[in-house]
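Visitor: Okay, sequence plus prediction incoming.
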Amino acid sequence: VDRSFSNKRDTQKEIFNLLGISKRSLLYSSIFTQFSPSFVDAADSSRKEILYEFLGLDRYEGYCQLAKLQTEECEKKARDCSIEISYMNEEVDKVKEEIEGYKIKSERFEEDRSRELKELKNRLAGLSRIEAKEYDSKIEELKKKLSTFDKDEIEIRIDKVEDEIRITKDKIIETKLKMEDADERLKRVRNNICPILNRKCEILEEEWKDEVVKAEEMVSRLEKELVGLKGYEDKLTKLLVKLEAKIDEIEQVEDEIESIEEEKRRVEAKNEENVRLVKMIKNSIRKVKNSCNIYDELIEKKKKTVKKLKKDIAEKKTILEELQEQLQCYNFWVKGFGKQGIPNLEIERILGLIESRTNEYLSKMTGSTRVRIESQSVLKSGAAREKISYDIINGINRVPVNTLSGGEKQRVKVADVLAFSDILRKFNFLILDEVLDLSLDSKGALDVLQVLRKKAEDVGSIYVMSHKTELKGMFDNVIDVGTRHA
């Protein structure tokens, strides 16, 4: 199957997918060139990331997230369960309070029943029938008195008198108006006032002497007429008062009759009501005697509720204990799958292997150089420092890698690649470009070559690119690569 792509990068990506390894891990463990990234040259803060990728420890992050999700779900269930237990405990207390309340109400019910029976019996004893005969005799007597009056005739006479009084009043008003006109005319003729010029005129004095006499007679006649009308009005008014007094007396008797009849009806209704009440009270007494104390039944129901709640609480506590055990387990795996857990233990183990294998190879290439690889250290704050240091031990001195000479550093990097190859054990080959050339003297190159020959027995094939033609005889197979000139 053709796995190549038109794009070089896509082709490389497909190759790494087929190999099941990242580019960086392949370069650290199976391919070495002067430009290849190296665990030795990596920054302290990057080495742990390199090992995560090299060892495939990223999967633990997924496990950790899954464990966290399970932890959160378990914590939520535990919280919900605790809330339910708390709620049910509150419910138990509430129901117990209700039971105590019902007990008090039950005692009050019995007290109230006794008191109610006593009150009903007292009411029954207090009910009696009232005789209504005496009211009939009073009504008969008043009706006889009422029969001596003719109310309709009196009312007709009152209407006539009232009409006559209105007519007389109108006549009085008319007479008064005539008197005012007569008085006015008398004043004018007495004072000789000219009706045209409206002032005194001596010429008219002699002519109006007869007019003065006529005016005085007119005024006198009208005064007498007015006095007569007022006397007649007073007579009519007195008659009206007498007639209205008789009507008042009649109505008073009628009201008294109506009042007594109303009282009679009330007494009769009261007697009927008493009969009804006697029947009702007797029924009430029977019901009260037969009434059931519902609070006793409620108390028993509430006791059953408390019993069931306690059973449910016990079951919930069992579930909560199981959840807490699961939570401990999930918390354990959150820490276990976290960076300070299995990945850290694995890195510690691998660092030990890398250090021991690297030093094993270095011991065959140089006499005194050793490496010291140390992982995280704990800071004063208690947090872990996510760094891996890579130092060189020369005798008793500990120095950084960048202080080595070119040849020393080359040997350390070769030993490091071989150590990674031993740990990975994924491929049956190694590709080393100019591993014998860069900063190595002849003895150094021979030392490295001896190590590679031994390594080839374990790996299978090691491909070495070199410009040192004098080393051709040290290899089983040699391929010369050169440039053809035209």
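Guide: Looks like it came in fine.
Visitor: how near is Asp93 to Ile99?
Guide: Plainly put, Asp93 is 11 Å away from Ile99 if you go by CB to CB, to the nearest Å. For glycine as for every other residue, the C-beta is placed from the backbone atoms N, C-alpha and C.
Visitor: Leu345 now?
Guide: 59 Å.
Visitor: go on, Asp416?
Guide: Using CB to CB, we find Asp416 at a distance of 79 Å from Ile99.
Visitor: Tell me which of these two has more neighbours.
Guide: Taking neighbours as other CB atoms under 10 Å, Asp416 and Ile99 compare with Asp416 leading, 27 against 19.
Visitor: Give me the pLDDT for the more buried one.
Guide: You'll see Asp416 listed with a pLDDT of 88.
Visitor: would you say it is within a helix?
Guide: Yes. Using DSSP: H, G, I helix; E, B strand; the rest coil, the assignment for Asp416 is a helix.
Visitor: what sits against it?
Guide: With contact set as CB atoms under 8 Å, 6 or more residues apart in numbering, Asp416 has these partners: Ser38, Phe39, Val40, Ile354, Thr358, Val371.
Visitor: I'd say the second one and Phe420 touch.
Guide: Yes. In this structure, Phe39 sits in contact with Phe420. The criterion is CB atoms under 8 Å, and the distance is 6.9 Å.
Visitor: what about the strands in the stretch 301-450 of the chain?
Guide: Along the stretch 301-450 of the chain, counting by DSSP state E, counting those that start in this stretch, strands occupy 369-374, 377-378, 384-385, 389-394, 397-400, 429-433.
Visitor: what sits up against the last one?
Guide: Pointing back at strand 429-433 there. 30-34, 414, 417-418, 421, 452, 455, 459-465.
Visitor: Which members of the residues you listed are positioned in strands?
Guide: The members of those that map onto strands under DSSP state E are Ile31, Phe32, Ser461, Ile462, Tyr463, Val464, Met465.
Visitor: Just the buried subset of the residues you listed, written out for PyMOL, thanks.
Guide: The PyMOL selection below is limited to those of the ones in strands among the contacts of strand 429-433 classed as buried (16 or more other CB atoms under 10 Å):
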select buried, resi 31+32+462+464
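Visitor: and which of the ones in strands among the contacts of strand 429-433 is nearest to Arg79?
Guide: Minimum distance to Arg79 across those is 53.5 Å, recorded for Ile31 (CB to CB).
Visitor: which residues touch the closest one?
Guide: Counting by CB under 8 Å, 6+ apart, Ile31 touches Leu430, Ile431, Leu432, Asp433.
Visitor: Going through those residues, which ones are buried?
Guide: Leu430, Ile431, Leu432, Asp433.
Visitor: Need those in CSV (columns: pLDDT and distance to Gly341).
Guide: Output for the buried ones among the contacts of Ile31, formatted as CSV (pLDDT from 0 to 100; distance: CB to CB, whole Å):
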residue, pLDDT, distance to Gly341
Leu430, 82, 33
Ile431, 84, 35
Leu432, 83, 36
Asp433, 82, 38
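Visitor: Please name the nearest non-neighbouring residue to Glu61.
Guide: Phe337 (7.6 Å; CB to CB, 6 or more residues apart in numbering).
Visitor: Wait, the one you found touches Ala67, no?
Guide: Yes. If you go by CB under 8 Å, Phe337 and Ala67 touch, sitting 5.7 Å apart.
Visitor: Switch the ones in strands among the contacts of strand 429-433 over to JSON lines; also include pLDDT and distance to Lys270.
Guide: Below are the ones in strands among the contacts of strand 429-433 laid out as JSON lines (pLDDT from 0 to 100; distance: CB to CB, whole Å):
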{"residue": "Ile31", "pLDDT": "76", "distance to Lys270": "123"}
{"residue": "Phe32", "pLDDT": "75", "distance to Lys270": "126"}
{"residue": "Ser461", "pLDDT": "83", "distance to Lys270": "129"}
{"residue": "Ile462", "pLDDT": "86", "distance to Lys270": "130"}
{"residue": "Tyr463", "pLDDT": "87", "distance to Lys270": "131"}
{"residue": "Val464", "pLDDT": "86", "distance to Lys270": "134"}
{"residue": "Met465", "pLDDT": "85", "distance to Lys270": "133"}
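Visitor: Show me which of the ones in strands among the contacts of strand 429-433 is closest to Leu229.
Guide: After measuring those against Leu229 - CB to CB - the closest member comes out as Ile31, at 153.0 Å.
Visitor: If that closest one is in a bridge, with which residues?
Guide: Listed by DSSP bridges, the beta-bridge partners for Ile31 are Ile431.
Visitor: Please tell me how far it sits from Tyr463.
Guide: Ile31 is 9 Å from Tyr463, by CB to CB.
Visitor: do Val401 as well
Guide: Counting by CB to CB - Val401 and Tyr463 are separated by 26 Å.
Visitor: now swap in Gly395 and tell me
Guide: Here the criterion is CB to CB. By it, Gly395 lies 35 Å from Tyr463.
Visitor: longest helix in the protein, by residue count?
Guide: When the chain is scanned for its longest helix (criterion: DSSP state H), the result is helix 209-290.
Visitor: Show me what that one is packed up against.
Guide: Using 3 or more CB pairs under 8 Å, 6 or more residues apart in numbering; DSSP states H and E, the elements in contact with helix 209-290 are helix 58-126, helix 133-146, helix 151-190.
Visitor: Which strands and helices lie in contact with the longest one?
Guide: Where contact means 3+ CB pairs under 8 Å, 6+ apart, helix 58-126 is packed against helix 209-290, helix 294-337.
Visitor: what's the angle from the longest one to helix 58-126?
Guide: It stands for helix 209-290. Between the axes of helix 209-290 and helix 58-126, defined by axes from the mean of the first three to the mean of the last three CA atoms, to 10 degrees, the angle is 110 degrees.
Visitor: pLDDT weak spots in the stretch 1-150 of the chain?
Guide: 1-8, 11-29, 132 (pLDDT under 70).
Visitor: again, 90 this time
Guide: Low-confidence segments of the stretch 1-150 of the chain, defined by pLDDT under 90: 1-64, 102, 107, 109-111, 113, 115-150.
Visitor: How about the stretch 351-486 of the chain?
Guide: 351, 354, 358-371, 373-486.
Visitor: how about the helices of it, start to end?
Guide: Using DSSP state H, counting those that start in this stretch, the helices of the stretch 351-486 of the chain run over 406-424, 442-459.
Visitor: lowest-confidence stretch among the helices and strands packed on helix 58-126?
Guide: helix 209-290 (a mean of 82).
Visitor: Determine the angle, from 0 to 180 degrees, between it and helix 151-190.
Guide: Using the same axes, to 10 degrees: helix 209-290 against helix 151-190 is 150 degrees.
Visitor: Out of the helices of the stretch 351-486 of the chain, the one nearest Glu180 is which?
Guide: Among these, helix 406-424 sits nearest to Glu180 (CB to CB), with 147.3 Å.
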